[in-house]
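In: pasting the sequence and the predicted coordinates here, then a few questions.
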Amino acid sequence: MRRRTTKRIISVIKYILISLIGFIMVYPFLWLLSSSLMTAREFVSVPPKLVPEAPQWGNYSAVLKRVPFFRYLLNSLIVATSISILVAFTSALGGYAFAKMDFTGKKPLFRFILATMMFPNFLFLIPNFFLLTKIGWVDTYLALIMPFAVSGYGIFLLRQFIINIPSELVESARIDGASQLRIFMQIIVPLSLPAMATLVLLTFVAQWNNFLWPMIVTSFTPSLTTIPVGIAKLNLSFGSLANQHLVLAGMVIQILPVILLFVFLQRYYVKGIVMTGFGGI
Amino acid sequence: MTRKGRENLTAYLFLSPILLFFAVFFCFAVGFSVLVSFKNWNMLDSPISAPFVGLGNYFSLFTDPLFRAGLLNTIVFALVVTFTSITLALLVAMALFKLKGSAVWRFIFFAPMITPAVAVGKIWSYLYNPSYGVINHVLGWFNIPARAWLSDPNLALFSIMIVAIWSGLGVPMLIFTAGLDSIPTSYYDAARIDGSSKIRTFFSITLPLLKPTTLFLIVTGMINAWQTFDLIYIMGGATPAKSIQLVSTFMYSTAFSYMQMGKALAASVILFIISLITTFLALRSFRKGGMESYYA
Amino acid sequence: MKEKAILVLLILFASVLLFSQTTLVFQTHWSDFRVNGIFDRDGNLLYPGLKHYLEEYEALNPGVKIEIREVPFGNYLQQILVGHMAGKGADIYNLYSLWGVQLAESNVLAHAPEHISSKVKSDFSSTSVQGATINGVVMGIPAEVNTYALIYNKKLFEEAGIERAPETWDELVEFGKLLTKKDSRGIITQYGFAFPMLEESSVSDIVHPYFALLYSAGGEPFNSDLTKSLLDSPEAVRALEAIVELFEEGVTDTAGGLFDFTQKNVAMVIKAPWYVSYLKEAFGDEYEDIVGIAPIPYIDTPATSAYTFFYSVHSGSENQEEAWKFLEWFALEYKEAPEITRAGELGAQVIGVIPPNEKDLEYFKTKLADLQEYVSLLDFATSEPNVTQGDQIKKTIMDEIVAAMNCMKSPEQAMKDAASKINSILQSAN
């Protein structure tokens, strides 16, 4: 008897805890949505209002007129997709080499690659920017893409995965006289697709949210502005309280695409996290 | 060419894009940064002609109260955020364990992670607003006095830490779920048969089995926390600099506001050394078979 | 044969045109209506923005194209540094004078050609020329000179039964106490006075009023050759104590910066004239009834502080001649009628600042009532000292002031610390 009641109490506590935390997780987004439909005046009313009197859809059209949202979206898409694809391929290449090949300097090289993940971002900002101006890429998409085209995390992830591909497959193909390249393209890649897909997703999200580097690069070429920089810009252009409704609507517009994407592709993203334990590249 | 030679060649061919990348975007940058950290460079003159100051920048950092404050804040920030999110994540993972509708829950806990930090920061700045912000309003229901969360120097860092925890809950939670999943139910059955209480089971079976995972999460969590910049940048504003300074924002303002790039790079070298130490521990946990056993 | 020759000539001509197209990049911290102009309800252009002037110039000079690079004020210095280093600097900068010192000393700015600098010296107000002169050399054409004044909400004053703006600082504190309202939780719902805290301009909006008080107490921030900080003087401490008094008496707190004058829950702020244009946009028709402008309440004698901006040319620019030519047309040449410069017109009508050119000043003094108050303050204004590492010094001062505001340090301690920090900054810079 006692055990059942304690079990029930624990259940109830569990549910309360979960609901509370779950609510705290979601609330800011609900708040954003609701606030974006208020007038500027309603937004700053004290005590704060929960829902707008009448949804101000006009906020969205107003901000869409003043902010080149589609440009930002396009830029973020181009940049994030390109990086993801590049990372997936270079990681697969590297992952295969480390997983199935033997060569001089393998261990130290791998350690080196792992070590590169620990360097603070800041170290690279100025030198890379300088380099890119010398190469002449600084006002192109390449400036946003190339510095991130290879990822230590990705190499690590693919290596872990490919290690688990039975070596017999590789061996028998070699005996048949296949070159490494052929083995890679026809055996390894197809088998690694789940891992590569997950890597693509992880990288995509992390790169979509990248802020500091794009901020520096796009400040010289505004046509390259990506979404996180766009959000920061919103904040700066519409600073006064009278314009906050525009900032809010703008934020909703800019956050929505990734969230929608995530809704559909949750499963793979989650798998990737579990496999590496990382939330980002 | 020998067989070994051919193998080496193939391997390095496969690795060539990676090596090229690191040569261009990594080695040059690191070399440059380390060299300049020994100089006094204001970014206007050529870095080559900038005066050499040896360890001067490093010494000036150790005597700079802002850097010390930043270091302290970053350590506190990293520790509090990491340990709190891990603990919370574990609790939530356990509560959600084998619960229906997990896709919805996954989404709820992940949405903050996939939102750009600048958006997260901005939203919370509004919530924290002392007059029209929701937080003070809700606290008012419980008769808790309202506060200026982001502009009070005693509270500012704390307020930002809460946001960092909020947005970082998803990853540890997921990993713990995977970890919990992999504990064979036979262990629990045996414990039940032995008459062990729930709490005892937790401490003697669950927790020890999750040790490698936890250790791993702690280390990677700390490394991530060290790099936090976007959030502080958006939420920091003009709160008295000391209370909200992290090493990352310190580097940024030293370089771009005070035009002391050499000093800022010296700070980043120090940051790297600290990350190196923490990462050593991370590599150790990999070797212990930490993650690998979970997706056999 | 003839047709071929004509074709060749045409192609040559076209390619000459193509290659002789010069593009200038004009970098500024202005955005929105300052660039695009002010329109009335029906969408008609009331006052042209920066881009209209640029388009006008482009039409007159077909080989030249001018691009606007908008950079938020908070990123501006960073932008210049990164740009210069990477060879991506703009050609023309609308520059805050304080940054000018370092940039000039590192030869980032081009010296103004003789014919331009002599015209600047003759046609512009002395305060503004001072701001554009670094180490004795005129570095560009003054763009704005701004004083600080007290802006107050006349309606809130009426409600509190106050009939006029405060004249002395003591009065400010008294009036503030009457105007500040708190709710049952003790949170201020209406601020008698507020300092901005979280905006880009916050450093200036805190330090400049402080300087104004410093001057009005008879003090100086630096010695005459700008090598030593005088912030540990009794006048400096008095000035800070005056500010802290507002916090101690509960008239304001550090959350005040989150409120906005435009929301009508702040009764007094101290701001520069550009703020007035924001207020005009926010209040619309109500502007006249609500906004009052008065000199900053003083401690001993009336005083205010001022800062300047100037247009300059990047020394690394490949089109320096073209750039100076444009600036000459924009900021030195007078229009047919009225006899004003285009830059001055833009400044006074749209940006909301005091035009530095003497003729523009004469013309606009009568046109814009709200500028009058700011203009009259020019007589008591002391321009911001063009000290090296100015940005860092200002931030240091702001940190100490804010620490005192939050009761983390006594005003005496704060100023002592400020002085010693500044002295070490000055030492390592020199």
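Out: That came in fine, so what should we check first?
In: who touches residue C:58 in this structure?
Out: Shown in contact with residue C:58 (Cβ atoms under 8 Å, 6 or more residues apart in numbering or on different chains): C:64-66. (Each C-beta comes from the backbone N, C-alpha and C, glycine too.)
In: mind giving me the PyMOL select for those, buried ones only?
Out: Taking 16 or more other Cβ atoms under 10 Å in any protein chain shown as the burial criterion, the selection of buried members of these in PyMOL is written as:
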select buried, chain C and resi 64+66
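In: which regions of chain A sit below the pLDDT cut-off?
Out: Across chain A, the ranges flagged by pLDDT under 70 are A:1-3, A:46, A:239-242, A:267-281.
In: tell me what the lengthiest helix in it is packed against?
Out: Of all the elements of type helix in chain A, the one with the most residues (DSSP state H) is helix A:2-36. Of the remaining helices and strands, those touching helix A:2-36 by 3 or more Cβ pairs under 8 Å, 6 or more residues apart in numbering or on different chains; DSSP states H and E are helix A:244-276, helix B:65-96, helix B:102-114, helix B:117-128, helix B:156-168.
In: please identify the deepest-packed of the ones you listed.
Out: Of all those, helix B:117-128 has the most neighbours on average by mean count of other Cβ atoms under 10 Å in any protein chain shown, namely a mean of 24.
In: what's it packed up against?
Out: helix A:2-36, helix A:227-237, helix A:244-276, helix B:134-141, helix B:156-168, helix B:230-236.
In: now tabulate these in TSV and tack on distance to residue B:124.
Out: As requested, these are arranged in TSV below (distance: least, Cβ to Cβ, whole Å):
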stretch	distance to residue B:124
helix A:2-36	7
helix A:227-237	13
helix A:244-276	12
helix B:134-141	9
helix B:156-168	5
helix B:230-236	7
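In: and these: which comes nearest residue C:346?
Out: Between residue C:346 and these, the tightest spacing by Cβ to Cβ is seen for helix A:227-237, at 19.1 Å.
In: distance between the ends of stretch C:288-303?
Out: End-to-end distance of stretch C:288-303: 26 Å, with Cα to Cα, to the nearest Å as the criterion.
In: quick check: buried residues in that stretch?
Out: Buried residues in stretch C:288-303, counting neighbours by 16+ other Cβ under 10 Å, are found at C:290-299, C:302-303.
In: where exactly do the helices run in the stretch 51-200 of chain A?
Out: Under the criterion DSSP state H, counting those that start in this stretch, the stretch 51-200 of chain A carries helices at the ranges A:58-66, A:69-100, A:106-116, A:122-135, A:141-145, A:152-163, A:167-175, A:180-183, A:189-208.
In: any idea which of the ones you listed is most buried?
Out: Note that of the helices of the stretch 51-200 of chain A, helix A:152-163 is the most buried (mean count of other Cβ under 10 Å), with a mean of 23.
In: okay, that helix in PDB with CA atoms only?
Out: Taking Å, rounded to 0.1, in the frame of the first residue of the first chain, the C-alpha atoms of helix A:152-163 are listed here in PDB:
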ATOM      1  CA  GLY A 152      37.500  18.600 -36.500                       C
ATOM      2  CA  TYR A 153      34.300  17.500 -34.900                       C
ATOM      3  CA  GLY A 154      33.100  16.200 -38.300                       C
ATOM      4  CA  ILE A 155      36.300  14.200 -38.900                       C
ATOM      5  CA  PHE A 156      36.000  12.800 -35.400                       C
ATOM      6  CA  LEU A 157      32.400  11.800 -35.900                       C
ATOM      7  CA  LEU A 158      32.900  10.100 -39.300                       C
ATOM      8  CA  ARG A 159      35.900   8.300 -38.000                       C
ATOM      9  CA  GLN A 160      34.000   6.900 -35.100                       C
ATOM     10  CA  PHE A 161      31.300   5.800 -37.500                       C
ATOM     11  CA  ILE A 162      33.500   4.400 -40.200                       C
ATOM     12  CA  ILE A 163      35.500   2.400 -37.700                       C
END
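In: what's the angle between the longest helix of chain A and helix B:117-128?
Out: For helix A:2-36 against helix B:117-128, the angle by axes from the mean of the first three to the mean of the last three Cα atoms, to 10 degrees is 100 degrees.
In: give me the buried positions along the helix or strand following helix A:2-36.
Out: Scanning forward in sequence from helix A:2-36, with DSSP states H and E defining helices and strands, the next element found is helix A:40-43. Of the residues in helix A:40-43, those with enough neighbours to count as buried (16+ other Cβ under 10 Å) are A:40, A:42-43.
In: ok, residue 108 - contacts?
Out: All of this refers to chain A. The neighbours of residue A:108, taking Cβ under 8 Å, 6+ apart as the test, come to nothing; the list is empty.
In: actually chain C
Out: Listed by Cβ under 8 Å, 6+ apart, the contact partners of residue C:108 are B:44, C:80, C:84, C:89, C:314-316.
In: returning to what we had before: which of the buried residues of stretch C:288-303 come close to chain A?
Out: By Cβ under 8 Å from any Cβ of the partner chain, no member of these lies near chain A.
In: among the helices and strands packed on helix A:2-36, which is nearest residue C:227?
Out: When the helices and strands packed on helix A:2-36 are compared by Cβ to Cβ, helix B:65-96 sits nearest residue C:227, at 23.2 Å.
In: hmm, that closest one in reach of chain C?
Out: No. No part of helix B:65-96 sits close enough to chain C to count as contact by Cβ under 8 Å from any Cβ; the gap is at least 8.6 Å.
In: ok so, going back, chain B: which of the contacts of residue C:58 is nearest?
Out: Out of the contacts of residue C:58, the one with the shortest distance to chain B is residue C:66. That distance is 24.7 Å, counting by Cβ to the nearest Cβ.
In: surely that closest one is within a strand?
Out: Yes. Residue C:66: assigned to a strand according to DSSP: H, G, I helix; E, B strand; the rest coil.
In: before we move on, the earlier item: JSON lines for the buried residues of helix A:40-43, including distance to chain C?
Out: Shown next, in JSON lines, are the buried residues of helix A:40-43 (distance: Cβ to the nearest Cβ, whole Å):
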{"residue": "A:40", "distance to chain C": "9"}
{"residue": "A:42", "distance to chain C": "12"}
{"residue": "A:43", "distance to chain C": "10"}
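In: make TSV out of the residues you listed and add distance to residue B:119.
Out: Converted to TSV, the buried residues of helix A:40-43 look like this (distance: Cβ to Cβ, whole Å):
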residue	distance to residue B:119
A:40	19
A:42	21
A:43	17
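In: return the member of these nearest to residue A:97.
Out: Proximity of these to residue A:97 was ranked by Cβ to Cβ; the top entry is residue A:43 with 55.2 Å.
In: residue A:248 is in contact with the closest one, correct?
Out: Yes. If you go by Cβ atoms under 8 Å, residue A:43 and residue A:248 touch, sitting 7.3 Å apart.
In: now for those two: what residues contact both?
Out: residue A:35.
In: what separation do you get for the closest residue to residue C:214 other than its chain neighbours and chain A?
Out: The shortest distance from residue C:214 to any non-neighbouring residue, by Cβ to Cβ, 6 or more residues apart in numbering or on different chains, is to residue C:239 (4.3 Å). When distance is defined by Cβ to the nearest Cβ, to the nearest Å, residue C:239 is 29 Å away from chain A.
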